[in-house]
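Asker: coordinates for the following, if possible.
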Amino acid sequence: MSFTGNPGTGKTTVAMRMADILKNLGYIRQGHLVSVTRDDLVGQYIGHTAPKTKEVLKKAMGGVLFIDEAYGLTAHQHQGYGPEAIETLLKFMEDNRGDIVVIVAGYPAEMQGFLDANPGLRSRFDVVIDFPDYSTEELTSIFDLYLDEKQLTLTPEAREKLTTYVESLPRRRGFGNGREMRNLFNEVVRRQAVWAGRNGQFDPIDLTQIGVDVVPEPHEQRQLVTTGVHPGNYL
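Answerer: Next comes the predicted model:
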């Protein structure tokens with residue numbers, strides 16, 4: 001299968017679920033997921049790539065191999081060992097049909113180029129599933145999952161401001177979708193911690209309820225998105 005879409009749209013998560021489903025249906029023996037990128041398959045010198053790729057494939061036997069940003073194997077074909085990894089992959093898939101599932105993933109346009117790079121790729125990866133960007137409603141629902149996990153709530157005013165903020169996020173190439181909500185949640189929690197201690201004393205309600213003042217303004221979204229804020233250490 002080929003999964004196409006922006007980051008944070010659930011491709012890896014669905015691959016994990018797919019492994020469980022296929023095992024329960026009896027198509028694969030173990031149902032585990034092995035997630036890799038180009039660097040896990042391609043060697044650094046002549047003769048290293050094929051054994052390295054085969055080792056990864058052996059680990060995935062009986063389960064699902066998930067190759068993220070698979071087009072990295074076809075980039076600059078004449079300057080690396082990506083084509084060798086692809087040939088090894090295709091032969092292994094043919095020799096072990098029925099005992100391994102391979103899912104490749106990445107941006108839609110690049111994945112089209114990947115499938116066109118070798119005659120054997122498109123015929124084997126004939127199931128293409130597109131993962132569209134999440135809607136504003138879906139993104140706020142993801143944000144709510146983080147709230148529930150930490151037993152936090154939003155005031156009605158904060159909820160309205162959050163929706164406006166999410167609506168203002170640019171849905172362009174590279175938009176992080178669910179990851180953007182994780183980054184936003186971490187930023188809101190950091191702001192809440194500062195806000196709660198603004199008077200040198202903590203109001204108990206500030207420990208569970210997030211007010212409108214700590215939700216970023218819509219015009220702040222550009223800095224939060226483009227600078228890749230990852231204040232995960234605050235949780």
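Asker: buried set for whichever strand or helix holds residue 87?
Answerer: Using DSSP states H and E, residue 87 falls within helix 82-95. Within helix 82-95, the residues scored as buried using 16 or more other CB atoms under 10 Å are 82, 83, 84, 85, 86, 88, 89, 90, 92, 93. C-beta: built from backbone N, CA, C; applies to glycine.
Asker: next: stretch 198-210.
Answerer: 206, 210.
Asker: likewise for stretch 95-115?
Answerer: Those would be 100-108, 110-112, 114-115, for stretch 95-115 by 16+ other CB under 10 Å.
Asker: is it possible to get a markdown table of the residues you listed that adds distance to residue 216 and pLDDT?
Answerer: Formatted as a markdown table, the buried residues of stretch 95-115 follow (distance: CB to CB, whole Å; pLDDT from 0 to 100):
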| residue | distance to residue 216 | pLDDT |
| --- | --- | --- |
| 100 | 45 | 94 |
| 101 | 41 | 96 |
| 102 | 41 | 97 |
| 103 | 35 | 97 |
| 104 | 36 | 97 |
| 105 | 30 | 97 |
| 106 | 30 | 94 |
| 107 | 27 | 94 |
| 108 | 30 | 92 |
| 110 | 31 | 93 |
| 111 | 33 | 94 |
| 112 | 36 | 92 |
| 114 | 37 | 93 |
| 115 | 39 | 92 |
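Asker: which of the residues you listed lies closest to residue 11?
Answerer: Residue 11 lies nearest to residue 105 out of the buried residues of stretch 95-115, by CB to CB, at 4.7 Å.
Asker: which SS state does the residue nearest to the closest one when sequence neighbours are not counted fall under?
Answerer: The shortest distance from residue 105 to any non-neighbouring residue, by CB to CB, 6 or more residues apart in numbering, is to residue 3 (4.1 Å). Assigned state for residue 3: strand (three-state reduction, DSSP: H, G, I helix; E, B strand; the rest coil).
Asker: tell me where the longest helix sits in this protein.
Answerer: The longest helix of the chain (DSSP state H) is helix 178-196.
Asker: other SSEs contacting that helix?
Answerer: helix 136-149, helix 156-168, helix 221-226 (3 or more CB pairs under 8 Å, 6 or more residues apart in numbering; DSSP states H and E).
Asker: can you tell me what sits against stretch 101-108?
Answerer: 1-6, 11-12, 15, 18-19, 22, 27-28, 60, 63-71, 89, 93, 111, 114, 124-125, 130, 173 (CB atoms under 8 Å, 6 or more residues apart in numbering).
Asker: mind checking which of those are in strands?
Answerer: 2, 3, 4, 5, 64, 65, 66, 67, 68, 130 (DSSP state E).
Asker: now these in CSV, with distance to residue 214?
Answerer: Output for those, formatted as CSV (distance: CB to CB, whole Å):
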residue, distance to residue 214
2, 41
3, 35
4, 36
5, 31
64, 41
65, 43
66, 37
67, 40
68, 34
130, 36
